[in-house]
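>>> Got a predicted structure here, sequence first:
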There are 2 protein chains.
Amino acid sequence: MKQTAVTPVILGLLSLGARSGYDIKNAVDSSTRFFWAASYGQIYPELRRLEAEGLIAGEDSPNGGRERRAYKLTAAGRKALTEWLLGRTVTIELRDESLLRLFFADALPREQALGLLEARKRGHEEYLAVLHAIDARPGDDPDFVDLVLRWGIAFNEWGAQWCQEQLERLQSEKTPA
Amino acid sequence: MKQTAVTPVILGLLSLGARSGYDIKNAVDSSTRFFWAASYGQIYPELRRLEAEGLIAGEDSPNGGRERRAYKLTAAGRKALTEWLLGRTVTIELRDESLLRLFFADALPREQALGLLEARKRGHEEYLAVLHAIDARPGDDPDFVDLVLRWGIAFNEWGAQWCQEQLERLQSEKTPA
DNA sequence: TAGTGCATGTAATGCGTTACATGATTTC
DNA sequence: GAAATCATGTAACGCATTACATGCACTA
């Protein structure tokens, strides 16, 4: 089966109860986008492709005069999902401008370089606020959906703390021999 | 000044002593690639653009009959670098297939879902081995270059430990009421 | 009745990687 | 003499985002 970057997201979100392309996009934007983004330009063509391949089944289910197509996983689709789940992980990419800045921070006076660490810390704290807001939403998520949210929270807590520790270390080093 | 994704990497690596496009690509591949990749297809055209804009100065410095162009930052280039360093961080993107798998792991029997956590843990450990090898290379890096390497090591240690903790938690929950 | 949300879709654009071409030099 | 390294460069390809177009329904 041909795989694109959106394939697993679509299969996975349908397994979690999403129905329309619109649903999927919304779910992505409030969950996977933090580690796996997807746009309409990928989702809609891929839905048609997956239906043609028999991994999902679509059915017109308009809301009044408002057109809507509801999809669900077929047996083949569920199988493809579990196969992907058990396959080898390939992609782990990080594009972190704040880390890149830190990497080149020797070009700055010490004071300003430390400012970059502080800014990174704030970044983690802001991210944390977003994740806590998501966490506070009513309704309970499946175990592993929740686990990943918990990962995000723990990661940002760790990251903020790491920045703090390095700040303290570098500031105490200021008094040289 | 027009900014593309490679601009800061080039300016930054030149500030750290890289000279040719080839140098830059090598430096990227053994350092920033973990959080900011760049390919020849970006680097060479951008070097020419930056020279035309006066941010870097190039000079032909062939190695015998082997052509080579050595660049260095101009005053304007150094200024552009520090401005970028002090600007607002925009890009923080994560594309983590292992996290995506975990997110959909409720579709698997418990045993196999826990296997995903174990696989993620192994991923962190393998990454750690790569970073330790880089750390063991002789020569000392500038402070913040070293700091970022240290971040990578600490992050993967944290990540492996988090997986371990979750595994233990989820396994102990196995004995229900 | 204006604004927001539901819903589908695509064209244009931009960006980055891959893969290749070329050739000299150093090392084994 | 083969293989690796130094060194520059680009064309083709694929992919993903952005931005737009369309239209119904609900709500303030």
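Yep, it's here.

>>> Every contact and neighbour count from this point should use C-alpha atoms.
Will do.

>>> Name the residues of stretch A:55-72 that come out as buried.
Within stretch A:55-72, the residues that qualify as buried are A:55-58, A:68, A:70-72, counting by 16 or more other CA atoms under 10 Å in any protein chain shown.

>>> so does whichever helix in chain A runs longest get close to chain B?
In chain A, ranked by residue count with DSSP state H as the criterion, the top helix is helix A:143-172. Yes. Taking CA under 8 Å from any CA of the partner chain as the criterion, helix A:143-172 and chain B are in contact, through A:143-145, A:147-148, A:158.

>>> How far off centre is that helix?
In terms of CA atoms, centre = their mean, to the nearest Å, the gap separating the centre of helix A:143-172 from the centre of its chain is 16 Å.

>>> Let's see if you can find the most crowded of the residues of helix A:143-172 next to chain B.
A:Val145 (21 neighbours; other CA atoms under 10 Å in any protein chain shown).

>>> now that residue, nearest residue through space, not along the chain?
The shortest distance from A:Val145 to any residue other than its chain neighbours is 4.8 Å, reached at B:Phe103 (CA to CA, 6 or more residues apart in numbering or on different chains).

>>> if I look at the one you found, how far off is B:Ile10?
Look at B:Phe103 and B:Ile10: by CA to CA, to the nearest Å, they are 36 Å apart.

>>> Could you list the low-pLDDT ranges of chain A?
The model of chain A has pLDDT under 70 over residues A:174-177.

>>> make it 90
For chain A, applying pLDDT under 90 flags the ranges A:1-4, A:60-67, A:88-92, A:136-141, A:172-177.

>>> DNA strand D contacts on that one?
Residues of chain A found near DNA strand D (CA under 7 Å from any atom of the strand) are A:4-6, A:37-42, A:63-66.

>>> Report the entries of those residues that also contact chain B.
Restricting these to those adjacent to chain B (criterion: CA under 8 Å from any CA) gives A:Ala37.

>>> Same list, the residues of chain A next to DNA strand D, but as CSV with secondary structure and distance to B:Lys79 please.
Written out in CSV, the entries for those read as follows (DSSP: H, G, I helix; E, B strand; the rest coil; distance: CA to CA, whole Å):
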residue, secondary structure, distance to B:Lys79
A:Thr4, coil, 42
A:Ala5, coil, 39
A:Val6, coil, 41
A:Ala37, coil, 34
A:Ala38, coil, 37
A:Ser39, coil, 37
A:Tyr40, helix, 40
A:Gly41, helix, 39
A:Gln42, helix, 40
A:Asn63, strand, 58
A:Gly64, coil, 60
A:Gly65, coil, 59
A:Arg66, strand, 55
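
>>> Going by distance to chain B, which of the residues of chain A next to DNA strand D wins?
Out of those, the one with the shortest distance to chain B is A:Ala37. That distance is 7.8 Å, counting by CA to the nearest CA.

>>> Done for today, thanks.
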